[in-house]
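Trainee: Here's my sequence, what's the structure:
(2 chains)
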Amino acid sequence: MTRKSISFNQLNKIPPGVNILFNAFFIIIISVVCIFPLLTIIGTSFTENRQIILNGYNVWPKEFSINAYDFVLTKSSKLLNAYGVSIFVTLAGTVFGITMMSMYAYAISRKDLKYKKFFSFFVYFTFIFNGGIVPFYFVYSRLLNLGNTIAVLIIPFLVDAWYVVILKTFFSTSVPDSIIASGKIDGAGELRIFFSIVIQLAIPGIAAVAMFTTIKYWNDFMLPLYFIDSSEKWNVNYLLYRLLRNMEFLSRDTRSVSVSGPLPTESARMAMCVLGTGPMLLAYPFFQRYFVKGLTMGAVKG
Amino acid sequence: MKKSAADKLSRDSQTGLNALFYEMKKNRILYLMMLPTIIFLLVNNYLPMLGISLAFLNFKPALGVFGSRFVGLKNFEFFFSTPDFFRITRNTILYNAVYIVLDITVAAFFAIVLNELFNKKLKKLYQSVMIMPFFLSWVVVNYIFFSFLSVDRGFINATVMDWLNLTTDYNWYQEKAPWPFILVFAQLWRYTGYNTIMLYSGLMGIDNSYYEAAFTDGATKWQQIRKITIPLLSPIMIVLFLMLVGRIFFADFGLHYQVTNNSSALYPVTDVLDTYTFRSLRQMGNISMAAAAGFYQAVVGLFIVLAANKLVKQFDPEKSLF
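Mentor: This next block holds a predicted model:
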């Protein structure tokens, strides 16, 4: 049986020439479209600033220099501060968000919960209708008075209706009722059943949603754009955004250490970008395996 | 024994408030587990739903909702009479329509080609690299496009034109003409990997016996793709299509705000509902206009979502929202 299917798979293939053509197609596409642009940013960040001003952004540094990194990491406090904000917001948001979403999703996945239909619709309805950004803005800035606080970078993204739906599907398909029932017979309370049995079984689903939530927090620039004025509460991506529009901002903020010569503005900007994306680029290969899991659960971009 | 007696009692009294109290008591832990999210949704989602009534007020934050003057449809009269209204509606719908069609067809093409490759390791590698842009923020995408398009230092103006022995000072962020293409390209750039992997995992689900049967009957690979792969992939594509169509009135704020660098010269061809509302609210301080545009988006969006969901339901009841 096995031998037959192997030979079938070997026979039923595209011609080798076409295979090479398709591979070439993929290699060209991914290197030109995906890798090259990123290398341009990295290459520029390692180029001596005056070369950039003369010759523009380029992949290959005409004059190699790490001045930009030296400047960004030791002479300006902005990036490190923004890193702190981003790490705190991402960690707190992901931990609280995942806890809230999975507790809710688990409850509505329980067949013996009488009002599960109502509470499912309570979530679904937020897909169908939302008040838009204007009331949202005033709820946070006026009503809750959270403008210009770290909390406003965390709270609005805590619960995403779409992820609640994914988690609910995951709980109802991967956690058998009999396990919950036997937990109850053994005298475990609801919370204990949830935290020590259910969560263990649903780890792949929770990990996928945690990954999406982490990305959402780390990559966010919108909440600071709406709510944050003072620069010490900017996260990495919002800092990057401000720097792209106005590099002078960085020069106004050098520490007491005097910088000799003109600031490496162009290369420092790209160095910031590399350092700001770094954590995501390092983490995504690890995220990836949960990614397909998250997708096959029926997730669509949302 | 005691427990079953209690159950019996509950069955007898499962009417009205008694049933409610009994349920609340029986599953109180579960309801407590739901409480944080319930509070969150009430504040973050349901309260702003009431807030769309701001569109009927001459809203002054200092006076609050109840202190502000009721102006009826004045804000809408004003909003609908501006040329912006037509422009942002057209841009939002046209861009999204192009994104949806290209996203699905390009991803399907990539997924099918990927599926035919011999080498498993290379397949994995291509997927890993293709998905990378999805993990970058729109701000970083802005940097990447800026490093190519910047007037004096961009890779295109400074290097490519130099190779061609041309000099140019083409100002990409001031010229409208290329932007529909740049935005479509940026959107595809960021989401093609993601969509490809999604459709590819759909392809993985196709039963191999279809291909075995076709192969024994002498079908060529091209015929198999046309008669087996595409028909079996299309249900996923159609559901995806309808779900995206449901969101056609909601633009990608990050894409249209960041990649264009929020350049005002480009607004005629890049401005969409979401960027317009943002600017009215935060940059121009025209709350009434922002509220009217937001109300318009919310209500029209509602009907489109409902219609799309109805179609999804007819097509595949399991995938519909409600």
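
Trainee: Which stretches in the stretch 1-150 of chain B count as strands?
Mentor: Taking DSSP state E, counting those that start in this stretch, the strands of the stretch 1-150 of chain B run over residues B:57-58, B:69-70.

Trainee: tell me the most buried of the ones you listed?
Mentor: Most buried of the strands of the stretch 1-150 of chain B by mean neighbour count (mean count of other Cβ atoms under 10 Å in any protein chain shown) is strand B:57-58; its value is a mean of 18. Quick note: C-beta positions are derived from backbone N, CA and C, even for glycine.

Trainee: packing partners for that strand?
Mentor: Using 3 or more Cβ pairs under 8 Å, 6 or more residues apart in numbering or on different chains; DSSP states H and E, the elements in contact with strand B:57-58 are strand B:69-70, helix B:287-315.

Trainee: before we move on, back to that, distance to A:F212 added to the strands of the stretch 1-150 of chain B, as a markdown table?
Mentor: Below are those laid out as a markdown table (distance: least, Cβ to Cβ, whole Å):
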| stretch | distance to A:F212 |
| --- | --- |
| strand B:57-58 | 37 |
| strand B:69-70 | 42 |
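
Trainee: What I need now is those strands written out in a markdown table, including mean pLDDT for each item.
Mentor: Below are those laid out as a markdown table (pLDDT from 0 to 100):
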| stretch | mean pLDDT |
| --- | --- |
| strand B:57-58 | 87 |
| strand B:69-70 | 87 |
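
Trainee: looking at those strands, which is closest to B:V151?
Mentor: strand B:57-58 (42.3 Å; Cβ to Cβ).

Trainee: So what touches the closest one?
Mentor: Identification of contacts with strand B:57-58 by Cβ atoms under 8 Å, 6 or more residues apart in numbering or on different chains yields B:65, B:68-71, B:74-75, B:288, B:291.

Trainee: Quickly run through the sheet partners of it, with directions.
Mentor: When pairing is defined by DSSP bridges, strand B:57-58 lines up against strand B:69-70 (antiparallel).

Trainee: most neighbours per residue, which of the helices and strands packed on strand B:57-58?
Mentor: Of the helices and strands packed on strand B:57-58, helix B:287-315 is the most buried (mean count of other Cβ under 10 Å), at a mean of 20.

Trainee: Report whether it contacts chain A.
Mentor: Yes. Using Cβ under 8 Å from any Cβ of the partner chain, helix B:287-315 reaches chain A at B:287, B:290-291, B:294-295, B:297-298, B:301-302, B:305-306, B:309.

Trainee: Now do A:D70 against B:F86, distance only.
Mentor: Per Cβ to Cβ, to the nearest Å, A:D70 is found 52 Å from B:F86.

Trainee: ok, these two, which is more surrounded?
Mentor: The neighbour count for A:D70 versus B:F86, taken as other Cβ atoms under 10 Å in any protein chain shown, is higher for A:D70 (13 against 10).

Trainee: Could you pull up phi and psi at the more buried one?
Mentor: Main-chain dihedrals, A:D70, degrees, to the nearest 10: phi -60, psi -50.

Trainee: Same question for A:I66.
Mentor: phi -110, psi 20.

Trainee: Contacts only, for it.
Mentor: Taking Cβ under 8 Å, 6+ apart as the test, what A:I66 contacts is A:F46.

Trainee: Lowest average confidence across helices and strands of chain B, where is it?
Mentor: Lowest on mean pLDDT, DSSP states H and E among the helices and strands of chain B sits helix B:2-12, with a mean of 54.

Trainee: Could you list the low-pLDDT ranges of chain A?
Mentor: A:1-9, A:247-262, A:292-302 (pLDDT under 70).

Trainee: Could you give the number of residues near the residue in the stretch 151-300 of chain B positioned nearest to chain A?
Mentor: Closest contact between the stretch 151-300 of chain B and chain A, by Cβ to the nearest Cβ, is at B:A158 (2.6 Å). Applying other Cβ under 10 Å, we find 21 residues neighbouring B:A158.

Trainee: okay if I get the helices and strands packed on strand B:57-58 as JSON lines plus distance to B:M243?
Mentor: As requested, the helices and strands packed on strand B:57-58 are exported to JSON lines (distance: least, Cβ to Cβ, whole Å):
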{"stretch": "strand B:69-70", "distance to B:M243": "38"}
{"stretch": "helix B:287-315", "distance to B:M243": "7"}
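
Trainee: Identify whichever of the ones you listed lies nearest to A:F64.
Mentor: It's helix B:287-315; of those, that one is closest to A:F64 (Cβ to Cβ) at 48.5 Å.

Trainee: Show me what that closest one is packed against.
Mentor: helix A:116-128, helix A:133-138, strand B:57-58, helix B:74-81, helix B:230-246, helix B:273-278.

Trainee: so for it, what's the average pLDDT?
Mentor: In this model, helix B:287-315 has an average pLDDT of 90.

Trainee: and it, how far from the chain's centre?
Mentor: Remark: helix B:287-315 is offset 13 Å from the chain centroid, using Cα atoms, centre = their mean, to the nearest Å.

Trainee: Now do that helix and helix A:116-128, the angle between them.
Mentor: Helix B:287-315 and helix A:116-128 are oriented at 120 degrees to each other (axes from the mean of the first three to the mean of the last three Cα atoms, to 10 degrees).

Trainee: Now do helix B:287-315 and helix B:230-246, the angle between them.
Mentor: Using the same axes, to 10 degrees: helix B:287-315 against helix B:230-246 is 150 degrees.

Trainee: orientation of helix B:287-315 relative to helix B:74-81 in degrees?
Mentor: Helix B:287-315 runs at 70 degrees relative to helix B:74-81, counting by the same axes, to 10 degrees.

Trainee: Off-centre distance for the lengthiest helix in chain B?
Mentor: Taking DSSP state H as the criterion, chain B has its longest helix at helix B:83-116. Here the centre of helix B:83-116 is set off from its chain's centre by 11 Å, with Cα atoms, centre = their mean.

Trainee: what about that helix and chain A, touching?
Mentor: Yes. Contact of helix B:83-116 with chain A (Cβ under 8 Å from any Cβ) involves B:113-114, B:116.

Trainee: Which single one of the residues you listed is nearest to A:I199?
Mentor: Nearest to A:I199 among these is B:L114, at 34.2 Å by Cβ to Cβ.

Trainee: Just to be sure, A:N148 is in a helix?
Mentor: No. According to DSSP: H, G, I helix; E, B strand; the rest coil, A:N148 belongs to no helix; its state is coil.

Trainee: give the contact list for it.
Mentor: By Cβ under 8 Å, 6+ apart, A:N148 lies in contact with A:227-230, A:233.
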